[in-house]
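Q: got a predicted model here, sequence first, then my questions.
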Amino acid sequence: MDLNVLRLAADYYHKLLNAELHINEWVQDRLFIAEPVFRFVSVYLEPSNLFNVLIPLLGVCGQDLLTHLVYALSLVSAVSSFEKWIYPEWRPLWRLRELYANQHAIRPGIALQSHDLSCETSGGLPCGHSMAWTALLMVISMHLPITRRSFASRLTMYIMIGCCMLCMWLSRLYLATEYLHQCLLATYIAISLLSSCQRHLNYLYAQRRFWPVLMVLLLVYLAISIYFIKLHLEIDPHWSVRQAFKWCPEPTYMRHESSPIFLLARDLGNLMGVAIALPVDQLRNYDSKCSHRFVGIAIVEILNYILRLFTPKQHGRFLFLAYEFMRNALHSLILVKLLPKLLHRTS
Ligand SMILES: O=P(O)(O)OC[C@H]1O[C@@H](O)[C@H](O)[C@@H](O)[C@@H]1O
């Protein structure tokens, strides 16, 4: 009985995935005119760029906003990477190609175009771009002075956020990197996570660093354990990378930086940085001149850029991951802890 239910659910799930391919096809067929916009959105608003460019830029407006952005995006991005590590879901192009390669499968009669940007190496669920983008928009909206004003200004704000979100979803659907449900679920998870955190924000900011650091270390341990558990269960931990290798038209399109294990190192590094920075309840209210903030943040980001250029990609995976973990930890630690202290002292 139970097995039948499971079989039915799996059957329904695969039918849903096949049906959703039509949505990707529709977006590619009808909206090709907006391809430059979709490319721009997927390339420049991807989570790494948000961390390295957009968040520091927005942080010039105030330390409170910067701290909130770093915290929210580190958390949301880590949840996304963990999910991708535990259960990498299909991406539309992989699934479509597999269906055509399998002689016994029913072919859906759909054609999807593959792009250089379609060669992602992590699983599809949840859409990392949509999750980080939702978190960024939510945090900005919480800091806008219009939030408490008239209904009309709030409505305008929500409509604008909705349009920005829609643009990201369409971009991912157009590049055939995500199914629609992966984009919708990503936005839903980001909103629920941030709403729950928002209620306890002051408490979280006031925490001492011991327990948060321990929790991040436990997460690192969990990530490593998942790897070995998968090996033990004969599940390929690098399934998504292999799928990408199999179906990407040109292997040079694939980037080290988007492999699931790298994403985990990056996001756990960011989380470690914010955990070490705790408590930050006083620091986020430190005031400093906008021009001072701009210069301070510019210097941090130039140094971060130089460190990124020197990423040791050719000396083995372990060094690469350790370096990324530490660089990201240092980056977020400086942004939320050292920078406000330094700027406060100079002003
Ligand atoms: O999950 P998506 O939207 O397909 O993106 C895949 C990955 O793309 C990378 O470019 C991002 O840095 C990651 O954070 C993201 O997870």
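A: Yep, that arrived.
Q: sketch out the low-pLDDT regions of the stretch 1-150 of the chain for me.
A: Counting by pLDDT under 70, the ranges of the stretch 1-150 of the chain that qualify are 1, 147-149.
Q: what about the helices in it?
A: Taking DSSP state H, counting those that start in this stretch, the helices of the stretch 1-150 of the chain run over residues 2-30, 35-44, 47-49, 55-59, 63-86, 92-101, 128-143.
Q: and of those, who's closest to the ligand?
A: helix 128-143 (2.5 Å; CB to the nearest ligand atom). To be clear about C-beta, it is placed using only N, CA and C from the backbone, and glycine gets the same treatment.
Q: please point out which parts of the closest one sit buried.
A: The neighbour-count check on helix 128-143 (16 or more other CB atoms under 10 Å) flags 128-140 as buried.
Q: related to what we said a few turns ago, okay, the helices of the stretch 1-150 of the chain in JSON lines with distance to the ligand next?
A: Below are the helices of the stretch 1-150 of the chain laid out as JSON lines (distance: least, CB to the nearest ligand atom, whole Å):
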{"stretch": "helix 2-30", "distance to the ligand": "13"}
{"stretch": "helix 35-44", "distance to the ligand": "8"}
{"stretch": "helix 47-49", "distance to the ligand": "4"}
{"stretch": "helix 55-59", "distance to the ligand": "13"}
{"stretch": "helix 63-86", "distance to the ligand": "6"}
{"stretch": "helix 92-101", "distance to the ligand": "11"}
{"stretch": "helix 128-143", "distance to the ligand": "3"}
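Q: got a markdown table for those, with distance to L117 too?
A: Putting those into a markdown table (distance: least, CB to CB, whole Å) gives the following:
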| stretch | distance to L117 |
| --- | --- |
| helix 2-30 | 13 |
| helix 35-44 | 6 |
| helix 47-49 | 13 |
| helix 55-59 | 22 |
| helix 63-86 | 17 |
| helix 92-101 | 11 |
| helix 128-143 | 11 |
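Q: and stretch 163-183, C-alpha only, in CSV?
A: Output of stretch 163-183 as CSV, limited to C-alpha atoms (Å, rounded to 0.1, in the frame of the first residue of the first chain):
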residue,chain,number,x,y,z
CYS,A,163,8.6,42.9,-11.2
CYS,A,164,12.2,42.4,-10.1
MET,A,165,11.4,38.9,-8.9
LEU,A,166,9.6,38.1,-12.1
CYS,A,167,12.5,39.2,-14.1
MET,A,168,14.9,36.9,-12.3
TRP,A,169,12.5,33.9,-12.7
LEU,A,170,12.1,34.5,-16.4
SER,A,171,15.8,34.8,-16.7
ARG,A,172,16.4,31.4,-15.1
LEU,A,173,13.5,29.9,-17.1
TYR,A,174,14.8,31.4,-20.4
LEU,A,175,18.3,30.0,-19.8
ALA,A,176,16.6,26.6,-19.0
THR,A,177,18.6,26.4,-15.8
GLU,A,178,15.5,26.1,-13.6
TYR,A,179,12.0,24.7,-13.6
LEU,A,180,9.3,27.2,-12.5
HIS,A,181,8.6,25.4,-9.2
GLN,A,182,12.3,25.7,-8.3
CYS,A,183,12.1,29.5,-8.7
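Q: quick one: is it near the ligand?
A: Yes: contact between stretch 163-183 and the ligand, assessed by CB under 6 Å from any ligand atom, occurs at 172, 177-178.
Q: quick check: buried residues in that stretch?
A: For stretch 163-183, the neighbour count (16+ other CB under 10 Å) marks 165, 167-183 as buried.
Q: how far off centre is it?
A: For stretch 163-183, the separation from the chain centroid amounts to 14 Å (computed by CA atoms, centre = their mean, to the nearest Å).
Q: so for that stretch, mean pLDDT?
A: In this model, stretch 163-183 has an average pLDDT of 96.
Q: the residue lying closest to V241 once chain neighbours are set aside: neighbour count?
A: With CB to CB, 6 or more residues apart in numbering as the criterion, V241 has its nearest non-adjacent residue at 4.7 Å, and that residue is T121. For T121, the neighbour count with other CB atoms under 10 Å is 25.
Q: am I right that T121 is in contact with E257?
A: No: assessed by CB atoms under 8 Å, T121 is found out of contact with E257, at 9.3 Å.
Q: give me every residue in the stretch 101-250 of the chain lying close to the ligand.
A: Residues of the stretch 101-250 of the chain lying close to the ligand (CB under 6 Å from any ligand atom) are 120, 122, 127-129, 172, 177-178.
Q: show me what the host helix or strand of M160 is packed against.
A: Following DSSP states H and E, the helix or strand that holds M160 is helix 151-174. If contacts are counted by 3 or more CB pairs under 8 Å, 6 or more residues apart in numbering; DSSP states H and E, helix 151-174 sits against helix 2-30, helix 35-44, helix 128-143, helix 180-199.
Q: list the buried ones in the shortest one?
A: Of the residues in helix 35-44, those buried by neighbour count under the rule 16+ other CB under 10 Å are 38-39, 41-42.
Q: need the residues that contact that helix.
A: With contact meaning CB atoms under 8 Å, 6 or more residues apart in numbering, helix 35-44 is reached by 31, 49, 53, 117, 129, 167-168, 170-172, 174-175, 177.
Q: quick check: H256 vs E178, distance?
A: To E178, H256 is 21 Å away according to CB to CB, to the nearest Å.
Q: what do you get for Q243?
A: Noted for Q243: a distance of 14 Å to E178, by CB to CB.
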